[in-house]
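Asks: The sequence and its predicted three-dimensional model are supplied below.
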Amino acid sequence: MADIFKQQFDKARETYFKVDQVKSIRLTKGEGNEFRFAQHFQGNSGKMYKVKTIDEGITFDRWNAYEKLAIMFKYNASLQQLMDNNQKSIDICDSIFLGDGKYSSKHLVQHIMSIADGLKSTTESKYSKALLFCTIFIIREDEDETTWDLQIAHEKIEDWADSGYDVMDFFFLSRNFGLNWGRQFRSDHPG
């Protein structure tokens, strides 16, 4: 998993650094090696962005986007690719079990290895899933907080990139958001 994260970071750093001076939204290192971030920052467009906290919550539409992106980020695949891989695995297993000769155990091993190779590869998406993940809880001043839109997400990332913000800040921010969300959920729902 660390290799995938590093590959996405390297690709993002090459893709998104468009200015000579790198700016940061990272403030200081907090408890447990977590970073603290600015609550507001300005994009190259002049628009302001607000970094929402766990306590402020997110809407249902943004939660659904969060869940989908979390799965895509974890497996480095789109939901359709995951469903297609699952169906092919079922088809191969059915064929082996029924003995119809269409697939053998060799095909199953090859299919599993191709899924593993996909997990190792970098994303084919224009933007890293970690950056897309940040667009769920970083809100642009003119944005409707009740919805999440992929086109607006792309516009926001372009604005951040054009502003010269350090891409690592967004990777750390997405990590912190996920960790804090899990911590908050566990404290609210013990056991």
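Replies: Good, I have the coordinates.
Asks: right, and the helix or strand after the helix or strand hosting residue 71?
Replies: For residue 71, the element it lies in under DSSP states H and E is helix 60-75. Using DSSP H and E, the helix or strand that follows helix 60-75 in sequence is helix 79-98.
Asks: Would you mind giving me the confidence score for residue 98?
Replies: On pLDDT, residue 98 comes in at 85.
Asks: Pull the number of nearby residues for residue 111.
Replies: The tally of other residues near residue 111 (other CB atoms under 10 Å) stands at 17. Backbone N, C-alpha and C define where each C-beta goes, glycine included.
Asks: ignore the last one, residue 135
Replies: By other CB under 10 Å, the residues close to residue 135 number 27.
Asks: cool, and residue 172?
Replies: 18.
Asks: The chain should start at 42 in everything you say after this.
Replies: Renumbered: residue one is now 42, and that last one reads residue 213.
Asks: Can you tell me the element it falls in?
Replies: helix 208-229.
Asks: what's the average pLDDT for that helix?
Replies: pLDDT averaged over helix 208-229 gives 69.
Asks: Which residues in stretch 179-187 does the neighbour count mark as buried?
Replies: When burial is assessed from 16 or more other CB atoms under 10 Å, stretch 179-187 yields the following buried residues: 179-181, 184.
Asks: and what of stretch 90-99?
Replies: Buried residues in stretch 90-99, counted by 16+ other CB under 10 Å: 90-93, 95, 99.
Asks: For it, list the C-alpha coordinates in CSV.
Replies: Once non-C-alpha atoms are left out, stretch 90-99 reads as follows in CSV (Å, rounded to 0.1, in the frame of the first residue of the first chain):
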residue,chain,number,x,y,z
TYR,A,90,-11.3,27.5,0.4
LYS,A,91,-12.4,26.2,3.8
VAL,A,92,-11.0,23.0,5.2
LYS,A,93,-13.9,21.3,7.0
THR,A,94,-13.2,19.5,10.2
ILE,A,95,-14.7,16.2,11.4
ASP,A,96,-16.8,18.1,13.9
GLU,A,97,-18.4,20.1,11.2
GLY,A,98,-19.4,16.9,9.3
ILE,A,99,-20.2,16.4,5.7
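Asks: which outside residues touch it?
Replies: 66, 78-84, 107, 177-182, 197, 201, 214, 218, 221-222, 225 (CB atoms under 8 Å, 6 or more residues apart in numbering).
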